[in-house]
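>>> have a look at this prediction, sequence included:
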Amino acid sequence: MNLTVWEIKAKSILSKTGLPDCDFVVNPYIGCRFGCKYCYAAFVGRFTHPNEEWGSYVDVKINAPELLKKELFNKLKGKKKAVIGKLFFSSVTDPYQGLEAKYQLTRKCLQVLVDVDYQGKVGILTKSSLVTRDIDLFQKLKNAEVGLTVTSTGDPISKYLETYATPHEERIKTLKQLHEAGIKTYAFVGPLLPHFVWMEKEMEELLRQLKAAGVGYIYLEHINLSKYIRDRLFDYLKMDYPGELARFKEAQSGEYRKMLDRLLKKLVDKVDLRVAYSQPIYHKDKESWKSLGRRVVGVS
Ligand code: SF4
């Protein structure tokens, strides 16, 4: 898939968010080259890029660091401590997708936080090994936590669904590297892909690899199959993996949810990993999701 890159000047960069356990999100890019076929952020460009496929365009907010500096300065006015809440990179893009190597917007935004000696939590979630480039900044921040999304042990269907992201084994290595550098880490195991959850041995292997990589805890997430995501994902599966469609459709049933919850509980206990909320995130039932408490749930 070709990539079209637009350099744009954003009007603002610190966005107040309703995401659990998070106060502001910073999205230095609009769109995401990783183009995951289950991505729930794909709706973001439906007005600005209505005829372009998610993953084929990225708007680069070239003024993001300057904006962050300005907006942070305004919000910190009169405060004794440099803190306005928990900041999260990023909610609708991957802050370390390939273009970040060139533009360094995430890095420059983190530098702004280091420069003001930001005291609040700073959360990162990515599928990219490029994140290790910024270990020096994470070490300088008072309270940084870095997460990698890892959804499989790298089977062909999982790779197909996350075409351009860093391969799974590299993500595990990245987590290990961050941990060894003294950075707090977590893993986001989601969405749990319906073809993969039937591979119990591989699921266990994934959890073991995360444990060995030193993550503090993991998130487990059921796949979000709301209409917008479902339509796009099922179109891809129909085209390239029609034999898997039935299993993905079944993932919308209550029975599937119960089966998966039971399996995860068994495996997590066996491997001895701490799970955020003590249970998987389930999107369909928003009320139960909210009642889990205020914790970070990102997109990357
Ligand atoms: S799921 Fe994350 S990495 Fe994948 S396309 Fe969406 S924002 Fe990018």
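Thanks, I have it.
>>> which non-adjacent residue is nearest the residue in the stretch 101-250 of the chain that the ligand sits nearest to?
Residue nearest to the ligand within the stretch 101-250 of the chain: Lys127 (4.7 Å; C-beta to the nearest ligand atom). (Each C-beta comes from the backbone N, C-alpha and C, glycine too.) The shortest distance from Lys127 to any non-neighbouring residue, by C-beta to C-beta, 6 or more residues apart in numbering, is to Ala165 (3.9 Å).
>>> for Val60, same thing?
Residue nearest to Val60 in three dimensions, not counting chain neighbours: Glu7, with 5.0 Å by C-beta to C-beta, 6+ apart.
>>> tell me the contacts of that neighbour?
By C-beta atoms under 8 Å, 6 or more residues apart in numbering, the residues touching Glu7 are Asp59, Val60, Ile62.
>>> over to it. Which of the three states is it?
strand (DSSP: H, G, I helix; E, B strand; the rest coil).
>>> near the ligand, which residues of the stretch 1-150 of the chain show up?
Neighbours of the ligand within the stretch 1-150 of the chain, by C-beta under 6 Å from any ligand atom: Cys32, Phe34, Gly35, Cys36, Cys39, Ala41, Thr93, Asp94, Lys127.
>>> the strands in the stretch 1-150 of the chain, which residues?
Per DSSP state E, counting those that start in this stretch, the stretch 1-150 of the chain carries strands over the ranges 4-8, 14-16, 24-26, 29-30, 57-61, 87-89, 121-126, 143-149.
>>> now do the third one: which elements does it pack against?
Packing partners of strand 24-26 (3 or more C-beta pairs under 8 Å, 6 or more residues apart in numbering; DSSP states H and E): strand 14-16, strand 87-89.
>>> now swap in the second one and tell me
Contact partners of strand 14-16 among helices and strands, from 3+ C-beta pairs under 8 Å, 6+ apart: strand 24-26, helix 64-76.
>>> tell me where the model's unsure across the stretch 151-300 of the chain.
284-300 (pLDDT under 70).
>>> give me the contacts around the longest helix belonging to the chain.
With secondary structure taken from DSSP state H, the chain has its longest helix at helix 254-271. Residues external to helix 254-271 that are found in contact with it (C-beta under 8 Å, 6+ apart): 192, 194, 197, 200, 203-204, 207-208, 211, 218, 220, 222, 250, 275, 279-280, 282.
>>> how about it: buried residues?
For helix 254-271, the buried set under the neighbour-count rule, 16 or more other C-beta atoms under 10 Å, comprises Tyr256, Arg257, Leu260, Leu263, Leu264, Leu267, Val268, Val271.
>>> would you turn the residues you listed into JSON lines with distance to the ligand?
Converted to JSON lines, the buried residues of helix 254-271 look like this (distance: C-beta to the nearest ligand atom, whole Å):
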{"residue": "Tyr256", "distance to the ligand": "21"}
{"residue": "Arg257", "distance to the ligand": "21"}
{"residue": "Leu260", "distance to the ligand": "20"}
{"residue": "Leu263", "distance to the ligand": "23"}
{"residue": "Leu264", "distance to the ligand": "20"}
{"residue": "Leu267", "distance to the ligand": "23"}
{"residue": "Val268", "distance to the ligand": "23"}
{"residue": "Val271", "distance to the ligand": "25"}
